[in-house]
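[1] have a look at this fold, sequence not included:
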């Protein structure tokens, strides 16, 4: 879910800036942008170059509230907000980093699955266009599954998650997606 209707105008973004919202969320915006950059970099080891395009520019926290960075803010606002909430709850930094990357992977997985049901081709990864929206959605699903495993493995190496956490997270996501799929 994006906030395009909410942040459609630069005036709406400026109103929130005047209230100090972006200043308070600057660290979380940058952390989310960094998580996207890390996952994009991981994609290079997961998928061959013939199936990828150039990695798009991911804005810095300072750029996010500019007209050029508005799309990032619209697309990732809820992930930024979740990260801010987790930080406020005292989640330790290394675990918070795993959650931030993982939430991006979950968002991408859900977007790809939704694309299959809606016959759309929206991608959160820099994928080269190939044989239609279904192929792109399936490729994105498969890529995000591999990317998520990489995030969890990295989290395990950093002692942010245990092997049991890793397995429960993966199973929990698949169970949720299966439940949602039966509703579609």
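    Received the coordinates, thanks. Keep in mind that this is a model prediction, so the values were computed, not measured. Residues are numbered from 1 along each chain as shown.
[2] so how far is residue 39 from the residue nearest to residue 124 when sequence neighbours are not counted?
    Nearest residue to residue 124, sequence neighbours excluded (C-beta to C-beta, 6 or more residues apart in numbering): residue 108, at 4.2 Å. The C-beta positions use only the backbone N, C-alpha and C, and glycine is treated the same way. Distance from residue 108 to residue 39, counting by C-beta to C-beta, to the nearest Å: 8 Å.
[3] residue 129 contacts residue 136, doesn't it?
    Yes - the pair residue 129 and residue 136 qualifies as a contact (C-beta atoms under 8 Å) at a distance of 6.9 Å.
[4] more neighbours, those two?
    residue 136 (23 against 12; other C-beta atoms under 10 Å).
[5] host element of that one?
    Element membership for residue 136, per DSSP states H and E: helix 133-157.
[6] buried residues in that helix?
    Buried residues in helix 133-157, counting neighbours by 16 or more other C-beta atoms under 10 Å, are found at 133, 136-137, 139-141, 143-145, 147-152, 154-155.
[7] so what does that helix touch, helix or strand wise?
    helix 21-46, helix 93-118, helix 163-183 (3 or more C-beta pairs under 8 Å, 6 or more residues apart in numbering; DSSP states H and E).
[8] just put those in TSV and tack on mean neighbour count.
    What follows is the helices and strands packed on helix 133-157, written out as TSV (neighbours: other C-beta atoms under 10 Å):
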stretch	mean neighbour count
helix 21-46	18
helix 93-118	19
helix 163-183	12
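[9] in JSON lines, list these along with mean pLDDT and distance to residue 77.
    Shown next, in JSON lines, are the helices and strands packed on helix 133-157 (pLDDT from 0 to 100; distance: least, C-beta to C-beta, whole Å):
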{"stretch": "helix 21-46", "mean pLDDT": "94", "distance to residue 77": "9"}
{"stretch": "helix 93-118", "mean pLDDT": "91", "distance to residue 77": "11"}
{"stretch": "helix 163-183", "mean pLDDT": "88", "distance to residue 77": "21"}
